[in-house]
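**Student:** Give me a 3D structure for the following:
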Amino acid sequence: MNRTLSPPKNPASLVVAATLDAPRNRPYKQVEHLASSTGRAAEIAAPADARCAFLGSKEFQNMGVEAEQALAASLITRTFAPHDLIYLQDDDADYLYFIRSGYVRLSYLMEDGSAVLCGILPPGESFGELGIFEGGTHCDMATAIGEVVVAAVPLHQYRQLRERHPQISAAIAHVVAKRYRAYVELTRMLSLKTLAARIAQALLRLADGLGTHTLIDQRSYPYVGAMVTQTDLGLMARGARSNVNRALKTWERDKWISMQDRSIIILNRPKLEALALQEDF
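**Tutor:** Sure, this is the predicted structure:
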């Protein structure tokens, strides 16, 4: 999904890493039980004739009106506070999620307790597909960045939908394949020898995933907004925040990027790509 935006002027403060804020986080199932007292995570059923106009993924946009309306009728809407856990790694996959508003951080927890950032998803994207597709558990952890509103399909309803509307199952299969390819590319990125190469690839990967652009002198440039912190870049590139900051400052001096209001504008993509390409030979 390609969006042309101006970098935000007053970005809100964000969590630096999902694992650093665990005491405040609540898994999805626990939040559901608190709905009556907190007002969070309240279920709101979508009207039967609703459309999934908020979906940004082309796989779901091409399902057809009948399948789209059936999916929309099965959605429940939930709101998560900043830093809330939507689900934990290895939790049972009970829901398929779509982002109505806000951003969601997907992370993978290593055996040593450290985290690798897999990606940050913008509004319109789905997540939790891998677990629900195979009827197993989640292979990653999903965390809200800022306040997030999601639409969710319970597992039992998803199974009914895919029987009646094969287009939905086909759309999920395409998204799962796309997500798997992204994780393979992430594995390749982590194998790059130098931290600078990994940071460059992480920055490009996030910019492509978010699909945000800004205009400078009538020219469009991809950028990563304030929802992505330098710590996020470090979690994706497996490097310390201080080293990420040092690399970004160097690239800014060389005019490869521009940093404005905590956003990173990519001015010279070929230079960033070349850092990784040099290691392929």
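**Student:** alpha carbons only for contacts and neighbour counts from here, please
**Tutor:** Will do.
**Student:** what sits against residue 152?
**Tutor:** 75-78, 95-98 (Cα atoms under 8 Å, 6 or more residues apart in numbering).
**Student:** now with 7 Å?
**Tutor:** Contacts here follow Cα atoms under 7 Å, 6 or more residues apart in numbering; on that basis residue 152 touches 75-77, 95-98.
**Student:** which among those end up buried?
**Tutor:** Buried members of the contacts of residue 152, scored by 16 or more other Cα atoms under 10 Å, are 75-77, 95-98.
**Student:** list the contacts for the residue nearest to residue 74 when sequence neighbours are not counted?
**Tutor:** Of all residues not flanking residue 74 in the chain, residue 153 sits nearest, at 6.0 Å (Cα to Cα, 6 or more residues apart in numbering). When contacts are counted by Cα under 7 Å, 6+ apart, residue 153 touches 74-76, 95-97.
**Student:** Show me where the protein has its strands.
**Tutor:** 3-4, 44-45, 76-80, 85-87, 95-109, 115-121, 126-127, 141-154, 212-216, 219-224, 257-260, 263-266 (DSSP state E).
**Student:** pLDDT weak spots in this protein?
**Tutor:** 1-54, 56-57, 278-281 (pLDDT under 70).
**Student:** longest single helix anywhere in it?
**Tutor:** Criterion DSSP state H: the longest helix present in the chain is helix 166-190.
**Student:** got the contact list for that helix?
**Tutor:** 59-60, 63, 67, 129-130, 162, 198, 201, 237.
**Student:** Pull the most distant pair out of these.
**Tutor:** 67 and 198 (40.5 Å; Cα to Cα).
**Student:** Compare those two (neighbour count), which wins?
**Tutor:** Using other Cα atoms under 10 Å as the criterion, residue 67 and residue 198 rank with residue 198 on top: 27 against 20.
**Student:** And the contacts of helix 166-190, which is closest to residue 277?
**Tutor:** Nearest member of the contacts of helix 166-190 to residue 277, counting by Cα to Cα, is residue 201, at 10.2 Å.
**Student:** Can you tell me how far the closest one is from residue 274?
**Tutor:** 10 Å (Cα to Cα, to the nearest Å).
**Student:** Ok, residue 217 next?
**Tutor:** Counting by Cα to Cα, the separation of residue 217 from residue 274 is 25 Å.
**Student:** quick one, which of those two is more surrounded?
**Tutor:** Taking other Cα under 10 Å, residue 217 and residue 274 do not tie; residue 274 has more neighbours (14 against 5).
**Student:** I'd like the distance between that one and residue 110.
**Tutor:** Counting by Cα to Cα, the gap from residue 274 to residue 110 is 29 Å.
**Student:** go on, residue 77?
**Tutor:** Per Cα to Cα, residue 77 is found 31 Å from residue 110.
**Student:** same deal with residue 211?
**Tutor:** Taking Cα to Cα, one finds residue 211 at 28 Å from residue 110.
**Student:** so residue 76 touches residue 151, yeah?
**Tutor:** Yes - if you go by Cα atoms under 7 Å, residue 76 and residue 151 touch, sitting 5.4 Å apart.
**Student:** which residues does the residue nearest to the spatial centre of the chain contact?
**Tutor:** Centroid-nearest residue in the chain, with Cα atoms, centre = their mean: residue 121, separated by 2.1 Å. The neighbours of residue 121, taking Cα under 7 Å, 6+ apart as the test, are 103-105, 209-210.
**Student:** can you rerun that using 6 Å?
**Tutor:** For residue 121, the contacting residues are 103-104, by Cα atoms under 6 Å, 6 or more residues apart in numbering.
**Student:** same check, this time on residue 111
**Tutor:** Residue 111 touches nothing, counting by Cα under 6 Å, 6+ apart.
**Student:** Could you check how far it is from residue 175?
**Tutor:** Separation of residue 111 from residue 175 (Cα to Cα): 27 Å.
**Student:** just residue 250 next, same as before
**Tutor:** On the measure of Cα to Cα, residue 250 and residue 175 end up 36 Å apart.
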